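Asker: quick one, what's the 3D model for this:
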Amino acid sequence: MALVVSLASGVSEAKPRSEADIAVRRAKAAAGKGDYVGALAEFERALALAPTPQLHFNIAVCHHALMLAAASGDAAAIEHRDAAITAYRAYLDAAPDAEDRADVERIVAELTPPAPEDPPPAVDAPPPGPPPALREAVTRIDPTDEPEPEPEPEPTPAPAPIVSTRSPARVGPFLPVVLAHMGRLRDTDLVERLPLLGLGIRGGAFLGTRERVNLGAEFAVYGQPSDAKARHRLIDAHLAITTDFGIALGRGRRFELGVGGLLGVLYEGLSRDGTSELTCPTSRDGRVAQRGGLLLGPRLSALLLLGRRRNHELGLRITPALAVMGNGDAGDPPEGADGCGQTPFAEAGLPGGAALVTTVDLGYAPRF
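Answerer: Numbering: from 1, shown residues only. Sure, this is the predicted structure:
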């Protein structure tokens, strides 16, 4: 159903006319963008300052457009329908000789719901057509100190529905690539010299009216892509609390850069398929040793928001974290030995203490 907003500001005194004209220009700009809620507020302000028949008409058109944007049968649609009928009738009362009176009366008849006692329409009766394009009726103001009104926007053929973009939370998977102990791995032949690959899941809630802060958590498991037959390999996992602060960029606000951090616990295991070459492995079934630690670090993120409501997130995150690890299991001494001189991790060249663990991950998360 095509609707064209008829914009006017007929007023009687210089100052009210000036203020009403400013309100009308704002309403025109809002209507040109499909913001009929904003246009309705400005037209009602102009009507309170200096009422004219055309302003009643414009208010009716705004309610009519919002009715079409709402779901059929919804309470909001019924409310805007009744308000549109009232405003159209107010226009007809204020302008009894209006040239488009027949068209407006037809619109009112189409919008008015049938009474329960009314007989059903004939089967072969044609359905009501869309209202015709409504004529323009703009009243210029006279004071010379007023600026020329801005050019009117092109009439919109149909109101665009107002879509909310609020997303209180997000949750989704990510693929981490982890660089851990890379300096130490170059100095030992007992452990694979490979980055760790894995899978994780993260989620969180957005805080604040602008949804720039996200507080959440993540869990990931990753290991070196090796069959662990030639050397030992690392298998790690972490569970952490995360926080992010993002700023949307671009005309469509579809790019987001952010900073944040994480704080959590870290598990690290050392395993090998077959017999371990270490002096004191914990067991002979592939699990050589294990240990825990803490993980703390900052985070940089670059996000791309997809979809009509910008509620599908593709994200690249870089987290250079500091891991503080224990020494791990003491190990089982070989038969006939009195004890182990050092833990399996230390013998493999990965003693306890601080280590840099850098994670680069690519993830997807729907915002809902």
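Asker: tell me the gap between the helix or strand harbouring residue 214 and the middle of its chain.
Answerer: Assessed by DSSP states H and E, residue 214 sits inside strand 213-223. Offset of strand 213-223 from its chain centre (Cα atoms, centre = their mean, to the nearest Å): 19 Å.
Asker: partner strands of it, parallel or antiparallel?
Answerer: strand 196-207 (antiparallel), strand 233-249 (antiparallel) (DSSP bridges).
Asker: how much space separates residue 99 from residue 225?
Answerer: The gap separating residue 99 from residue 225 is 78 Å, by Cβ to Cβ, to the nearest Å. Glycine gets a C-beta too; all of them are placed from N, C-alpha and C.
Asker: these two: which has the busier surroundings?
Answerer: residue 225 (12 against 9; other Cβ atoms under 10 Å).
Asker: next, the more buried one: secondary structure please.
Answerer: Following DSSP: H, G, I helix; E, B strand; the rest coil, the label given to residue 225 is coil.
Asker: pull the contacting residues for it.
Answerer: For residue 225, the contact set (Cβ atoms under 8 Å, 6 or more residues apart in numbering) comprises 194, 197.
Asker: go on, residue 301?
Answerer: Counting by Cβ under 8 Å, 6+ apart, residue 301 has contacts 244, 246, 256, 257, 258, 259, 260, 315, 316, 317, 318.
Asker: just give the number of residues close to the third one.
Answerer: When counting by other Cβ under 10 Å, one arrives at 20 neighbours for residue 256.
Asker: nearest residue to the middle of this structure?
Answerer: The centre of the chain sits closest to residue 311, judged by Cα atoms, centre = their mean, with a distance of 4.1 Å.
Asker: and that one, what pLDDT?
Answerer: On pLDDT, residue 311 comes in at 89.
Asker: again with residue 181
Answerer: Predicted confidence (pLDDT) for residue 181: 91.
Asker: next: residue 365.
Answerer: pLDDT at residue 365 comes out at 95.
Asker: excluding chain neighbours, what is closest to it?
Answerer: Once flanking residues are discounted, residue 365 sits nearest to residue 172: 3.1 Å by Cβ to Cβ, 6 or more residues apart in numbering.
Asker: regarding residue 82, what is its secondary structure?
Answerer: Three-state call for residue 82 (three-state DSSP): helix.
Asker: return the residues in contact with it.
Answerer: By Cβ under 8 Å, 6+ apart, residue 82 lies in contact with nothing.
Asker: ok, it to residue 38 distance?
Answerer: 21 Å.
Asker: buried sites along the one helix or strand residue 108 maps to?
Answerer: Assigned by DSSP H and E, residue 108 belongs to helix 101-111. Buried residues in helix 101-111, counted by 16 or more other Cβ atoms under 10 Å: 104, 107, 108, 111.
Asker: the second one is in contact with residue 88, isn't it?
Answerer: What it means is residue 107. Yes - between residue 107 and residue 88 there is a contact at 6.2 Å, judged by Cβ atoms under 8 Å.
Asker: joint contacts of the two?
Answerer: Residues touching both residue 107 and residue 88 (Cβ under 8 Å, 6+ apart): there are none.
Asker: and for the closest residue to residue 70 other than its chain neighbours, the neighbour number?
Answerer: Counting by Cβ to Cβ, 6+ apart, residue 70 lies nearest to residue 77, which is 3.8 Å off, once chain neighbours are set aside. The number of residues packed near residue 77 is 16, by other Cβ under 10 Å.
Asker: next, the buried residues of the strand or helix carrying residue 77.
Answerer: Remark: residue 77 resides in helix 75-94, with elements defined by DSSP H and E. Residues 77, 80, 81, 83, 84, 85, 87, 88, 90, 91, 92 are the ones in helix 75-94 that count as buried (16+ other Cβ under 10 Å).
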